[in-house]
Each structure stands twice: as C-alpha cells, then as structure tokens.
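Q: this one's structure only:
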C-alpha cells in the first residue's frame, strides 16, 4: 500500500499484547507517510512497548482537510471504537476536528470509553467534547506532527511515555495539583465557549496557550472566553509564541492581558503553565490526573 | 489646540441648529487630525446640514488604543449623553470598543436614547450592546476612516446622508424588508456570541461580512456563532475580502461555508448582502428601518 513503515492498520488491532496499542488518526489536517514512518521508528527504539497504528486516513487530502468530514469521522470512530486499542493519538491539528466532534461523540460505543485521547491545538475541540461527554481520558499533549519541531523527539517521547502509563516526572505539567485541570489553545477554547461542545469547567484549573496571534486578538479572545470561566478555580497562562508584529505595539504583554481579564472576571490568575505550541509542551490529563503525577 | 479643521468640540454642542449635529469619538483606535479635517471639509461641501464635532479623544494614543479604557469611555459618554448631538459616529474600528461597551451602556442617560449610532467592524461591539439595551438607533455603516479608501468620498456621503435622515435609495442595504435586520463583521459577532453584550437576534435577518481572515478561520467563526443564531429569520453574506493565501486551498468558497453552516444550524441562507470592509458598504439600521428604506 506504500506506507510500509507504519504498522498495518487492519492487523494491528488484532494483536495480542502486553503492548500499549495506539491508534493514530487525523481529525483535522493530514500528515505525510514519511512523518508516520519516522514517528514509528522513534517509538520502536525509545518506547518499544508502544505499538503505533497509523490509520490510512492520516494521509488523506481534501482541500484543507485530511479527507472530507465523513472520512475523518469514520477514521476517528474506527480508532475509538476498536477494543484492540488503548489510546487514540491525534496526528495533527490545523483546523477541522470541531466539524466532526459532535458526531464523533454520538458514534462512540463502549470500547471508546476506556481509552486515552491525546492531542492539542485544534485537537482541543475533540478533547473538550470527550470530556464533556465523560468519554475516556482526554489529555492535552504532543502530537506526531511535533516531531518536525526542534526538540521534537523529546516531545514524541513524552507523549508515548504518557500513553504507556509511565509516571515520569517531566511528562506532565508540573503545576498539576489535586484540583481538576484542563489545557487548551486559547483560540480553540474561546471558539468552543457558548457551543454545545464546551465542557463544564467549574472548579477546574484552566491552562491556555497561544501561537501566531496578535496581542489585540488575544485580548479579544479573553473577552469572549471569560464570561464562561467565572466559576473556574483559576487560570494559568502557557507560552504565547510567534506573536506577529503589529503596525504599533499593543501596550501590554500577554501575561498583562491574562491578568487583566482574570481581574475583570473575578478569576484567580495562578501564574504560568508549561504548555505551548512547541516541543516542550507538557501533558495535562483532563480532570484529576490518575494516577497523580510524580512529584 | 492644533486641530483647527475640526469643529471645536465644546462649543459645537451649544449651537442652536436646524443642523444635524454629529459627535465623533474613537472607542477603539485613533484617527489623525488630517483625516478629521478632510472629512469635515467633505461634509461642508456635500452635506452642509451636517455639523461634525470630532472629540479630541479621536486623536489620542495609548499603545494600540485611542487612549486608555477610561479615556475612550469618557469620550463616548460625552458624545452620547450630550443632548446637543443627534448622532454619534464611530471614527474607526481596529479593536477596543468591546472593552468599554458594557460600562458605556451603564453610563448612558436619557439624552443617549434619542441618537443614531453609526459604525461597523470593531464598532459592532458597541452597536450590539446598544441594541441589546434598547438605547438609540444603532446602525452598521461607513466611518470617517473610510475616506482613505478608494471610493471613500461616496462612503462618507452615504453615512452623512443617513445621519441627516435622507432616505436616499442607495444609502441603505437594498435587501432590507419588513423583517428586523442587523449587520456585523463576522469575527465581531462570533466573539460577541455567548457574552452578555450579545443582543437577542430572534426573527432577525443577520448580515455578516469579513476581511483579511483565512477561509478556515471563517469556517471556525461560523462554528462558534451558529448555535446562537438558530432562531433568526435568515443569514445574508456580505463581501469577504482580502482573504489571505493559505499554504493549500481550503476547498470551499466563503459562500459555500455560509451555506453549509446555515444548513447545519437549520437557518435559511438568504443570499448576499451589500456590505463589506470597503467603500461600497451600505447602511443597515438595526431592527426595523424607520422610516422604511426607499425602494
């Protein structure tokens, strides 16, 4: 079939295993077979107990997307509803999982409820929908596409260690406590707010990160989001990277903006979070981390 | 004071008049004194019954904004609460009126209730808040800053004719009917959705336009907005201009996207609207146009 480096999808699910079997699909944009091969090779050497199955849909293309809505939805349900997999790993963000998230939740059966779902950025739409529906163990964390970043091997290693259940100290976000937590791209969470996919975040520590947005747009996103966060435990700001130059300085930093909107919303600002659109991005299990992260 | 071409703010409000007295302030970003002078000059020759008073705050600067929140709010309230003015004209968009809109509504007295409020783009946050609070006659339409665009003189003329109460055929958006209508920048309306500033749009024709957004972002904005529009009379799409090139084609046009989200939301798609971030942008009085637009 031409993607020899990826484990064959149909047979992987049938394997007996003490392995952690990880199904990978692309609810938004596609990845290349070369990337899938490189991630598979890295996993084979670094985390041999992880067995990766890249769904062929990962490599599909239709306009912006990794296949049309029906194709992406079907692949996601293939992965989620197969009892042979322990985790569903989102290949890449980029935009699109919001278009299929509601239908995905509606199509998930019993086998979907016992899995880790790992991703971030646009993948946050799916994590939010899963968390709101009480399905599985959604977690914010690195994706296969991150291998292409500087330090990407460490990011992939972190994701694999998390999915394999290793409570390694530097895998999870270090501020996690006994409070439930979530983590999102700021745009993703602001766009979710007020839609049926928005989970109840009362009592949660909410971490947000952003990339490639002007500071005025970040201010605007907090304006939209904050009315939906008034009952959270507090907000943490991840990294805000690749802010474009505007024609004039905004006059406040991203952290100033976060503090200002927390003050306006009556929400405690708890400081920074070790998440971002970069290879240092840590894992944030949604809800209460179980087992609790290592100190 | 150095802005001799603009009518002096303090004395203009005291004039007796058969004039239409228009106060101009900048709830978001500033304009220049040169622009104010040029708009005043154009009004003097084209619409002599319009008397323009540029609030000095229009020329203020603090970082991104035309002065800090308190300064912009005070200027807006100066204009709105002065019984000597018939209309408040928003000088320019750019981002910022959302930060002061709730406080502005709270600070508006009786004299604010009898005025036209004209603007668009970021000004939509203020128009939405006014409309939701039942204050004055908010309308989407050209702003002073539009004079700098190709065809800008016609845009300014359209705004002035509207504020002077001339029911000229080409001033108002041509699809206006006996149904109440509103018009917004798509980003502005999506960012308003789910906030306390969002007005009740049940039964309205909702027109949206966009500028300088990727098609995937436009799709995402409709995802966020549509749950808040399920009871509207229908949606019209204005012009979608200056769409940036993406690294691959999205695979659908802006109108395809609007139709798709209307279908998903069960909302009638009513066709195009003659609004946009350009000098041809027509006036859309919020609610029922009164008097009805000329045929």
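A: Received the coordinates, thanks. Only a predicted model underlies this, so the values are computations on that prediction, with no experimental measurement involved.
Q: quick one: name the residues of the stretch 151-295 of chain A near chain B.
A: Residues of the stretch 151-295 of chain A lying close to chain B by C-beta under 8 Å from any C-beta of the partner chain are A:190-196, A:215-217, A:219-221, A:223-224, A:227-228, A:246, A:248-252. For every residue, glycine as well, the C-beta is placed using N, CA and C.
Q: let's see it at 6 Å
A: Counting by C-beta under 6 Å from any C-beta of the partner chain, the positions of the stretch 151-295 of chain A adjacent to chain B are A:191, A:193, A:194, A:195, A:216, A:220, A:223, A:224, A:227, A:249, A:250, A:251.
Q: with adjacent residues omitted, what lies nearest to the second one?
A: Sequence neighbours aside, residue A:228 is the residue nearest to residue A:193 in space, at 4.1 Å (criterion: C-beta to C-beta, 6 or more residues apart in numbering or on different chains).
Q: now swap in the fifth one and tell me
A: With C-beta to C-beta, 6+ apart as the measure, residue B:95 is the residue that lies nearest to residue A:216, at 4.4 Å, once sequence neighbours are left out.
Q: residues near the closest residue to residue A:119 other than its chain neighbours, how many?
A: Spatial nearest neighbour of residue A:119, chain neighbours left out: residue A:90 (2.9 Å); criterion: C-beta to C-beta, 6+ apart. Using other C-beta atoms under 10 Å in any protein chain shown, residue A:90 is surrounded by 28 other residues.
Q: same check on residue A:81?
A: Neighbour tally, residue A:81, other C-beta under 10 Å: 16.
Q: from residue A:109, how far off is it?
A: Using C-beta to C-beta, to the nearest Å, residue A:81 is found at 5 Å from residue A:109.
Q: can you list the residues of the stretch 1-150 of chain A near chain B?
A: Near chain B, when you scan the stretch 1-150 of chain A using C-beta under 6 Å from any C-beta, you find A:63, A:64, A:95, A:98.
Q: so the first one sits against residue B:253, correct?
A: No: taking C-beta atoms under 6 Å as the contact criterion, residue A:63 and residue B:253 are not neighbours in contact, 10.9 Å apart.
Q: tell me the contacts of the residue in the stretch 151-295 of chain A positioned nearest to chain B?
A: Nearest residue of the stretch 151-295 of chain A to chain B: residue A:251, at 1.7 Å (C-beta to the nearest C-beta). Residue A:251 makes contacts with B:63, B:64, as judged by C-beta atoms under 6 Å, 6 or more residues apart in numbering or on different chains.
Q: related to what we said a few turns ago, in the residues of the stretch 151-295 of chain A next to chain B, find the pair that's most separated.
A: Pairwise distances across these peak at 33.2 Å for A:195 and A:249 (criterion: C-beta to C-beta).
Q: comparing those two, which shows the higher neighbour count?
A: For residue A:195 versus residue A:249, the count of surrounding residues by other C-beta under 10 Å is larger for residue A:195: 21 against 10.
Q: picking up where we left off before, residue A:195 is in contact with the residue nearest to residue A:193, correct?
A: No: checked against C-beta under 6 Å, the pair residue A:228 and residue A:195 is beyond contact range at 10.1 Å.
Q: spatially nearest residue to residue A:212 (excluding sequence neighbours)?
A: Nearest non-adjacent residue to residue A:212, counting by C-beta to C-beta, 6+ apart: residue A:242, 4.5 Å away.
Q: dihedrals phi and psi, that neighbour?
A: With angles defined as degrees, to the nearest 10, residue A:242 sits at phi 50, psi 40.
Q: just checking, it touches residue A:213?
A: No: with contact defined as C-beta under 6 Å, residue A:242 does not reach residue A:213; the gap is 8.5 Å.
Q: who touches residue A:190 in this structure?
A: So residue A:190 contacts A:221, A:224, A:225 (C-beta under 6 Å, 6+ apart).
Q: so for the helix or strand that it is a member of, mean pLDDT?
A: Residue A:190 is part of helix A:186-192 when elements are defined by DSSP states H and E. In this model, helix A:186-192 has an average pLDDT of 98.
Q: which strands or helices does the helix or strand following it pack on?
A: Next along the chain after helix A:186-192, taking DSSP H and E as the criterion, comes strand A:205-211. Here strand A:205-211 touches strand A:181-185, strand A:234-241, going by 3 or more C-beta pairs under 6 Å, 6 or more residues apart in numbering or on different chains; DSSP states H and E.
Q: list of residues touching the next helix or strand along the chain from strand A:205-211?
A: Per DSSP H and E, the first helix or strand lying C-terminal to strand A:205-211 is helix A:215-225. Applying C-beta under 6 Å, 6+ apart, the external contacts of helix A:215-225 come out as A:186, A:189-190, A:193, A:210, A:250, A:254, A:257, A:261, B:64, B:95, B:98, B:191.
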